[in-house]
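In: the following block contains a protein sequence and its predicted model.
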Amino acid sequence: MGGKAKVAEDPYKKLADQLREKKGVQYATAKLEQENGEGDYVEFFRGKDFARYLRAAPDKMEGLVQAVRPGRTVEDQIRDLIHFFINKGYVLKTDRKYKRPKPGRKRLVKWPRTLVTCQDQSWDENCFFAWKYDRPTSIWYYAGAVALPIIVILACLFPLAPWWMRMAFVYTLMALLMVLLGLIGTRYLLFGAVWIISGYSFWLFPNMMSDEVSVLDAFKPIISFEAPGRGKSAWKQRLATGAILGVVMYMLYTHSPDVDLLKEEARKAHESLVDYLDLAGRHKSFLAGDTVNGTQQQQQQQAGGKS
């Protein structure tokens, strides 16, 4: 018990927990591979992000490392702090397993998927550092644990909900889906139009399709605009792509279906969805006391099957 209390009061552990908070050092998840090929998934951070964070907030290291003085800088404090973290078993220096970009890529990814342990455990800003202990449990974890069974129960009770509630829920989800699909389509249309005309790469919400960022960070920044490299205007590819798209658009315009037919098919799809989800409550007549009719219908179906 005394050992646990001592670890909990460790100021280095307290700072490490702060660095792992939402507003702390940016992190990602990767597999820390052992020599036999096996390994566990761990959270890790880049040495560059660690140093950048502490350079902006050097006061967090007060009392943990020697103060800045003539001949000693913040860089020395950062080096000493990471050494304390390593010696106390809080972090482990690692590096990416694959040192070269994958085929088709020109540069290495920012967050590798597989890490290996470095033999040299000294501070290196260009390496990665994996956390060796579990992230402190936040209040959102307990909130999610309570909300999950409630959500499951509500999903099971969905057929029993009032008609207006079911319709509102379904149409809200459909609206969100349409907004998401429309946003994705707009991103690619803008990128294609700008790239074909100018050769520049213009993205709306450039991190939206990335699996290396959180949900909130996927919508930051709003736009990105990059000029092509020298001698990489790719005008032949842009011209060919524009011609192909022009032909496709012309074919779609000349062979587009009738508007009335589209409306009729949309109405049928809507009615099919309403019937499938039983939004009108046709399949729960027994709840209104109509069990006799339901039994009679079942008996008639059985009799028809025998005959």
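Out: Good, I have the coordinates. Numbering: from 1, shown residues only.
In: now do stretch 115-122: distance from first to last residue.
Out: 17 Å (Cα to Cα, to the nearest Å).
In: and the contacts of it?
Out: 30-34, 42, 44, 83, 86, 92-97, 127-128, 130 (Cβ atoms under 8 Å, 6 or more residues apart in numbering). All C-beta atoms are positioned from the backbone trio N, CA, C, and that covers glycine.
In: what does stretch 131-143 give?
Out: 16, 17, 20, 27, 42, 43, 44, 45, 89, 90, 91, 92.
In: so where's the stretch 101-250 of the chain shaky on pLDDT?
Out: 104, 211-214, 230-233 (pLDDT under 70).
In: show me where it has its helices.
Out: Applying DSSP state H, counting those that start in this stretch to the stretch 101-250 of the chain gives helices spanning 139-156, 163-198, 235-254.
In: mind putting those helices in a markdown table, mean neighbour count included?
Out: Listed next are the helices of the stretch 101-250 of the chain as a markdown table, based on neighbours: other Cβ atoms under 10 Å:
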| stretch | mean neighbour count |
| --- | --- |
| helix 139-156 | 10 |
| helix 163-198 | 12 |
| helix 235-254 | 11 |
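In: can you lay out those helices as TSV showing distance to residue 219?
Out: Putting these into TSV (distance: least, Cβ to Cβ, whole Å) gives the following:
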stretch	distance to residue 219
helix 139-156	20
helix 163-198	10
helix 235-254	28
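In: so among the contacts of stretch 115-122, which ones count as buried?
Out: 30-33, 42, 44, 86, 92-94, 96, 127-128, 130 (16 or more other Cβ atoms under 10 Å).
In: isn't residue 44 up against residue 31?
Out: No: Residue 44 is beyond contact range of residue 31, at 10.2 Å (criterion: Cβ atoms under 8 Å).
In: before we move on, the earlier item: in helices, which of the contacts of stretch 115-122 appear?
Out: Those of these mapping onto helices are 83, 86, per DSSP state H.
In: inside strands: which ones of the contacts of stretch 115-122?
Out: Counting by DSSP state E, those place 30-33, 42, 44, 92-96, 128, 130 in strands.
In: the closest residue to residue 34 other than its chain neighbours: how many residues sit nearby?
Out: Distances taken as Cβ to Cβ, 6 or more residues apart in numbering place residue 117 nearest to residue 34, at 8.0 Å, with adjacent residues excluded. Residue 117: 15 surrounding residues under other Cβ atoms under 10 Å.
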